[in-house]
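Student: give me a model of this one.
(one chain, ligands or ions: 1)
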Amino acid sequence: MTKVAKTSVEINPLLANRWSPRAFSEIAISDDLLIKLIEAARWSPSASNLQPWHFIIGKKHDETYQKIFETLVEFNQLWAINAPILILSCGEKTGKDGNPLQTFKYDVGQAVAHLTFQAISDGLFVHQMAGYSKEKAIELFQIPNHFEPLTVIALGYMGDPLILPSRMQVSEKAERVRKPLADLISQNIFGTASSIINKLK
Ligand SMILES: Cc1cc2nc3c(=O)[nH]c(=O)nc-3n(C[C@H](O)[C@H](O)[C@H](O)COP(=O)(O)O)c2cc1C
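Tutor: Reported below is the predicted structural model:
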């Protein structure tokens, strides 16, 4: 199933074709592919090149997967159970000097974006989640104080929407929507319409 973004101008097909499915196929993901995705994340930019990311990777039926799954809220458990891979992304909150890293969440988010587009390029899909218990994740994985769990990432090949509970099948097939482009950009004073938008046909 494809859900190509209806973009106002043409963008890279990898970006237009990305979306967050809830139906994943059972097909397993090879370790080579997983390494490739983490390598894509590793080469992401970060403030002062501090690379504050860390990924805990669970493969279906292993203990790590089970523990990540346990942290999910019930709604996410209903669909994420199909994903062959669950990853807990974590960020390093403080530098070696003990001072807070101001951009650690931004940096980890960007690394996950790199991982996502490598995944799309290899035929996989990613669905990020904030609906999980950080406290449980900290406890189950003994995450040190200077790290913070950020998101859970479901990863795999796309599956048949019919495997989902019926209410999720509806959103699985729904059109992807976004705020208008004009709402995202300003000129001079924040909120003042930008003239570049006039170039849009
Ligand atoms: C940080 C983050 C947290 C999210 N949390 C959840 C979640 O807990 N459960 C869920 O079903 N989707 C979650 N999503 C998916 C978003 O709902 C989805 O990306 C958004 O609706 C846009 O759809 P698209 O990714 O298909 O374009 C999350 C996405 C992000 C980036």
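Student: can you give me the distance of the closest residue in space to residue 147 that isn't next to it in sequence to residue 37?
Tutor: Leaving out its chain neighbours, the residue that sits closest to residue 147 by Cβ to Cβ, 6 or more residues apart in numbering is residue 90, at 4.8 Å. Just so you know, the C-beta spots here come from the backbone N, C-alpha and C atoms, and that holds for glycine as well. The gap separating residue 90 from residue 37 is 16 Å, by Cβ to Cβ, to the nearest Å.
Student: between the two, point out the one with more neighbours.
Tutor: The neighbour count for residue 90 versus residue 37, taken as other Cβ atoms under 10 Å, is higher for residue 37 (27 against 24).
Student: is it true that that one touches residue 119?
Tutor: Yes. Taking contacts as Cβ atoms under 8 Å, residue 37 lies within contact range of residue 119: 5.7 Å.
Student: checking the residue nearest to residue 147 next. Helix, strand or coil?
Tutor: Counting by DSSP: H, G, I helix; E, B strand; the rest coil, the backbone at residue 90 sits in strand.
Student: in the lengthiest strand in the chain, what's buried?
Tutor: The longest strand of the chain (DSSP state E) is strand 147-156. For strand 147-156, burial by neighbour count (16 or more other Cβ atoms under 10 Å) applies to 147, 148, 149, 150, 151, 152, 153, 154, 155, 156.
Student: out of these, which are close to the ligand?
Tutor: Filtering these for proximity to the ligand by Cβ under 6 Å from any ligand atom leaves residue 151.
Student: quick check: residues of this structure near the ligand?
Tutor: Residues of the chain found near the ligand (Cβ under 6 Å from any ligand atom) are 19, 20, 76, 128, 129, 130, 131, 151, 176.
Student: switch the cut-off to 5 Å
Tutor: Proximity of the chain to the ligand, by Cβ under 5 Å from any ligand atom, involves residues 19, 20, 128, 129, 130, 131, 176.
Student: low-confidence stretches in the chain?
Tutor: Applying pLDDT under 70 to the chain flags residues 201.
Student: show me what the spatially most central residue of it is bridged to.
Tutor: Centroid-nearest residue in the chain: residue 128, 3.6 Å away (criterion: Cα atoms, centre = their mean). Going by DSSP bridges, residue 128 is paired in beta bridges with residue 153.
Student: how much space between the residue in the chain that the ligand sits nearest to and residue 170?
Tutor: Nearest to the ligand, among the residues of the chain, is residue 131, at 2.9 Å (Cβ to the nearest ligand atom). Distance, residue 131 to residue 170, by Cβ to Cβ: 19 Å.
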